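In: attaching a predicted model along with its sequence, questions to come.
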Amino acid sequence: MKTALLVSLGAFAGAPLRYYIDFQLRRRFAFPAGILLVNVLGSFIVGYISKGSDALLTLMGVGFAGAFTTWSAFAIDLNREQLHPRKFLANIFATLSFGILAAGVGRALAG
Amino acid sequence: MESPPLRHLLLVGVGGAVGALSRYGVDLIFEISLATLIVNLFGVAFAAVCIYRLSLTHEQQLFLVTGIAGGFTTYSAFALVLYDLTLPQAGLYIAASLLLSLAIIRVIRAGVR
């Protein structure tokens, strides 16, 4: 029960924050920069807290970063970019390289 | 700077909490790498149906797609689980996540035409 509350609380903050960032950046760039940003930031966060307490992992990892980052918006954007190969490949490359690197850097900094 | 209305942020927040709780339920059943692949593929299918097969209002899309599908699927767990896999496993995991997601969206969209 307590874990469910922590997951909900984290997601209740993370998902609207993702929406807010995407809302601001999508109008300014011809590239889904907001989704890229949240996915990289969220990946750093889960890496950084990966050795923390169970409560922290549940609230900030499963709840906040889990809902702050997203796979569905990334995939839907990729599908829409298929007619623009450079944008399509740039999104895959940036999301994978920066996102995976961010999780690793976070993990390394966590000690 | 223009901002989304509070009502929209709340819709996304409640949807995100529902999505994240559902993902947590899947995490309890399967090992984390498999659970994350399952939620991501299922969430992509759910989002694609909402976007391409249903005529939803903007607010319904915010709740179902941005909130529920966005909170259910996750990139952070995807990125972190890669570090527990061998290099070939990680390559396969990335390829499967990407290719299956794009194939699912393509099939769901094709139904409209």
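Out: Perfect, thanks for sending it.
In: and the spatially most central residue of chain B, how far from residue B:35?
Out: Centroid-nearest residue in chain B: residue B:73, 3.0 Å away (criterion: CA atoms, centre = their mean). Using CB to CB, to the nearest Å, residue B:73 is found at 12 Å from residue B:35. To be clear about C-beta, it is placed using only N, CA and C from the backbone, and glycine gets the same treatment.
In: what do those two both touch?
Out: Common neighbours of residue B:73 and residue B:35 are listed as residue B:23 (criterion: CB atoms under 8 Å, 6 or more residues apart in numbering or on different chains).
In: show me what whichever helix or strand residue A:46 is part of is packed against.
Out: Assigned by DSSP states H and E, residue A:46 belongs to helix A:33-48. Judged by 3 or more CB pairs under 8 Å, 6 or more residues apart in numbering or on different chains; DSSP states H and E, the packing partners of helix A:33-48 are helix A:2-26, helix A:66-68, helix A:72-80, helix A:85-109, helix B:76-81.
In: quick check, residue B:39 in contact with residue B:24.
Out: No: look at residue B:39 against residue B:24 with CB atoms under 8 Å: they stay out of range, at 9.6 Å.
In: ok, those two, which is more surrounded?
Out: Shown here are residue B:39 and residue B:24; by other CB atoms under 10 Å in any protein chain shown, residue B:39 has more neighbours (29 against 22).
In: could you report the pLDDT at the more buried one?
Out: On the pLDDT scale, residue B:39 is placed at 98.
In: are the helix or strand harbouring it and chain A in contact anywhere?
Out: Assigned by DSSP H and E, residue B:39 belongs to helix B:32-52. Yes: using CB under 8 Å from any CB of the partner chain, we find that helix B:32-52 touches chain A at B:40, B:43-44, B:46-48, B:51.
In: chain center to that helix, what's the gap?
Out: Its chain's average C-alpha position is 4 Å from that of helix B:32-52, according to CA atoms, centre = their mean, to the nearest Å.
In: what's the answer for stretch B:56-64, then?
Out: 15 Å.
In: just the terminal-to-terminal distance for it.
Out: One end of stretch B:56-64 to the other measures 9 Å (CA to CA, to the nearest Å).
In: ok, residues contacting that stretch?
Out: Identification of contacts with stretch B:56-64 by CB under 8 Å, 6+ apart yields A:19, B:7-8, B:11-12, B:14-15, B:46-47, B:50-51, B:65.
In: related to what we said a few turns ago, what residues are up against the residue nearest to the centre of chain B?
Out: Applying CB under 8 Å, 6+ apart, we find residue B:73 in contact with A:70-72, B:19, B:23, B:39-40, B:43-44, B:47.
In: swap in residue A:73?
Out: Going by CB under 8 Å, 6+ apart, residue A:73 touches A:22, A:32, A:35, B:47, B:66, B:70.
In: of these - the most surrounded one?
Out: The member of the contacts of residue A:73 that has the most neighbours, counting by other CB under 10 Å, is residue B:70 with 33 neighbours.
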